[in-house]
Every structure is written in C-alpha cells, then in structure tokens.
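Colleague: below: sequence and its predicted model.
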Amino acid sequence: MKSASYNIKQQKKRQIKDRQRILRVVEYLEYNTVFEKCPVEINEGYIVSDVTDYSIFASFVFRNVSKKRIKSLDVRLLCYQKQNIPYLKLPFTYSFERYTLGTRRIGEERIRDKKQLNNPDISVGESFGETVYIPIPESYFSRLELEITGVRYTDGTYEELGIINGKPFTRFVELDDDKKFAYVTHNIFIAAEENYPSRFIPQKGEFVWLCCCAHKNLNEQNECERCHREQKWQFDNISINKLEEISEKIAADTSSIYHDKSKYSQTKYLETDEEIQRKTKAYELAMKRIAEEERRKERLKTWIIPKIILCLLAIYLIAFAMQLIYDAFISKAS
C-alpha cells in the first residue's frame, strides 16, 4: 500500500515537472474515426518535443461520451518496428489522483482547478488529457498506436476494452466525381462550407456521431456543436447509397450534361496544411500557458517558507521595538 502511494506521489511530481517544459508539436495525429462501443473518444493526438533536452512525448485529448462519470482511463502506447507485433507496450493511466487529467473542458470552456477539487471525476461530455505527456523512448519505432485498454467508472465498476482502431471511414476526397457533384447540388448547409467544409461521410456509433465537418458529437445532440449542421439531415442525405441515388437522378436528367462539374472543387474537403498548423499552434500555446502557470506555482512554493520566516522576523522586530519604547517610557516616568 505504501509502495503504491509512493509511486503515485512520484508520478505526480513527474507530471508537474513535465508540465513546466517548453514544448513544440512535431507531429499531429489524426483521430477522425468513431470508436465502436467505447466510452471515450479521442479528439486529438500530438507528438511533442522538449525544446531544451529533446525529450519526446505523446499527448492525447479524450472526451467522455458514455452515460457514466469516469474515475480513470487506462491506455497503452504500442511501438512497432516494421513488424505487426509491437516490440514495446507503454501503459499509462489518466486519473485525478495521479495528476494526469490535465486541462479539462466542457465544450470550449476550461474547468477551473477549484471546481475540479469538488468534482474530481470526469463528467459526461467532458474532455480531458490536454497538456498531459506520456514519455516516448528514444529507441526507433516506425509506427505508434494508442490502445484504450479499460475504464473505471465512479460507481466502482471496471470495463475492459482493448480498442485500437475505430470504424472505417470515407473521406469526401475519396468519392468519385459524380457523388461529389451530387452532394454539392443537394447540400442545404452551403453557408457552413466556408468555415467548416465537409470532409467525411458521417458516422454513428453507440455513443457519438461524426459530423461531415469531422467533429465528434454526443448522440443526444441534434446538431453539430461545431458547424451546426443537423444530425438527422446528414444521416438521411449523406451516405454512399444516397449520393449514388442522387447522382443517378442527375444523370437521368438530360439537362445535367450542361453542368460543369470541374467548378465544384473538392480540395476544400481535405484537412489542409493550414488547418493542421492552426491546431498545432493552438496546442503549443496551450502548453506554453500551462508551463508558465506551473512554473509560477513552483516559484510561490519555493518562496512561501522564506516569506513566513520574514513575516515572523518582522513581527519579532516590531514587538522588540515596542518593548524598548515601552521600557524607555517607564524609565522616564519613574
């Protein structure tokens, strides 16, 4: 029991030290797939590096999409060297007591530290793991995968998972020209395309649905919380079969031969380099803010004892001075 407590304290110290690092993103990991029957979804993943000692870490942002509050999440990093069997498996646990939940959010709003103390477990719809870093060994690996091994709920139950890959998905860019043209002519959310272009055929899992803009939403949400496209319309109208049906109707209409499909460029449906750069810059800024905050806390801890000593010394000197003044006054009076 003492050993477990000691290990948790050591892990917490390491997490505090890691969060003080100045890091940069070296690789953005795309997780735009829905995990079937999984109580958490991976929103984003990053490989980051310390700018000073070049240490490498993996960092992931999760979201609780289950119907229960989550106490802890167990994962493993699987490192491969060209074979299909990982040569190294690195376990890691996300939990409040290990100081590994990182920055927590409801939507875009950050949950403050004081509120976390009162609600240490992860609520439904809450994201966590941001600015938490899993050390990656310096040994060479050709491929890295994240396995979600299990989750412990607030009610004490534990669910073993062993999930690595999500459901297969289809990108818009992979569609043939006829289906792309069918979507463009049938799309009722044209205004949303400017800021949130369609990138995927929508998916639905047990807990979440993937919007065509690549944002993951809880199944209870009738519209995407990011682009505000309706869930029902998407699943009724954006599927391979539906687009094929529409393209066949267009082909049957002789007037459609006069339509120039080339003007409906689909390059915007890709996740552009600019969008990836925007995400990485935003994450680097978040890491920088956390590092500054952790260093400030550490400085306050370092100075708290000297400050107490100085305060006690000041009180002593004031009391001593007052005693001298009082003694002088008594002597003069007598």
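Modeller: On my side now, so go ahead.

Colleague: where does the prediction get shaky in this protein?
Modeller: Low-confidence segments of the chain, defined by pLDDT under 70: 1-4, 6, 139-140, 254-274, 294, 297-305, 307, 326-327, 332-334.

Colleague: list the contacts of the strand or helix carrying Trp233.
Modeller: Counting by DSSP states H and E, the secondary-structure element that holds Trp233 is helix 231-237. When contacts are defined by C-beta atoms under 8 Å, 6 or more residues apart in numbering, helix 231-237 is touched by residues 186, 188-189, 202, 204, 209, 211-212, 217, 221-224, 242. All C-beta spots, glycine's among them, are computed from the backbone N, C-alpha and C.

Colleague: pull the most distant pair out of the residues you listed.
Modeller: Using C-beta to C-beta, the pair of those lying farthest apart is His186 and Gln221, separated by 22.9 Å.

Colleague: from the contacts of helix 231-237, which would you call buried?
Modeller: Phe189, Pro202, Trp209, Cys211, Cys212, Asn217, Cys224, Lys242 (16 or more other C-beta atoms under 10 Å).

Colleague: now, among those, which is nearest to Thr131?
Modeller: The shortest approach to Thr131 among those belongs to Asn217, at 23.5 Å (C-beta to C-beta).

Colleague: who is the closest one paired with across the strands?
Modeller: According to DSSP bridges, the partner residues bridging Asn217 are Trp209.

Colleague: OK, contacts around it?
Modeller: Residues in contact with Asn217 (C-beta under 8 Å, 6+ apart) are Val208, Trp209, Leu210, Cys211, Cys224, Glu225, Arg226, Gln231.

Colleague: Lys180 looks like it's in a strand, true?
Modeller: No - judged by DSSP: H, G, I helix; E, B strand; the rest coil, Lys180 forms no part of a strand; its state is helix.

Colleague: tally of neighbours for it?
Modeller: Neighbouring residues of Lys180 were enumerated by other C-beta atoms under 10 Å; the total is 21.

Colleague: any idea which of the buried ones among the contacts of helix 231-237 is closest to Arg296?
Modeller: Within those, the smallest distance to Arg296 is 35.8 Å, found for Asn217 (C-beta to C-beta).

Colleague: buried ones in the very next helix or strand once past the helix holding Trp233?
Modeller: Of the helices and strands lying after helix 231-237 in sequence (DSSP H and E), the nearest is helix 240-252. For helix 240-252, a neighbour-count test (16+ other C-beta under 10 Å) marks Lys242, Leu243, Ile246, Ser247, Ile250 as buried.

Colleague: and the closest residue to the third one other than its chain neighbours, what is it in contact with?
Modeller: Translated: Ile246. Taking C-beta to C-beta, 6 or more residues apart in numbering as the measure, Ile246 lies nearest to Ala182, with 3.9 Å between them; neighbours along the chain are not counted. By C-beta under 8 Å, 6+ apart, the residues touching Ala182 are Leu243, Glu244, Ile246, Ser247, Ile250.

Colleague: tabulate the residues you listed (JSON lines), appending distance to Ile315.
Modeller: Listed next are these as JSON lines, based on distance: C-beta to C-beta, whole Å:
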{"residue": "Leu243", "distance to Ile315": "78"}
{"residue": "Glu244", "distance to Ile315": "83"}
{"residue": "Ile246", "distance to Ile315": "82"}
{"residue": "Ser247", "distance to Ile315": "84"}
{"residue": "Ile250", "distance to Ile315": "86"}
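
Colleague: let's verify the closest residue to Asn195 other than its chain neighbours: helix, strand, or coil?
Modeller: Leaving aside its sequence neighbours, Asn195 sits nearest to Cys227 (C-beta to C-beta, 6+ apart; 7.4 Å). Counting by three-state DSSP, the backbone at Cys227 sits in coil.

Colleague: by contact count, what packs against the helix or strand containing Lys71?
Modeller: Assessed by DSSP H and E, Lys71 sits inside strand 70-80. Applying 3 or more C-beta pairs under 8 Å, 6 or more residues apart in numbering; DSSP states H and E, we find strand 70-80 packed against strand 56-64, strand 88-95, strand 134-136, strand 143-153.

Colleague: would you list these in a markdown table and tack on mean neighbour count?
Modeller: Formatted as a markdown table, those follow (neighbours: other C-beta atoms under 10 Å):
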| stretch | mean neighbour count |
| --- | --- |
| strand 56-64 | 23 |
| strand 88-95 | 17 |
| strand 134-136 | 18 |
| strand 143-153 | 18 |
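
Colleague: nearest to Lys13, out of those strands?
Modeller: If you check each of the helices and strands packed on strand 70-80 against Lys13 by C-beta to C-beta, strand 134-136 wins as the nearest, at 14.0 Å.
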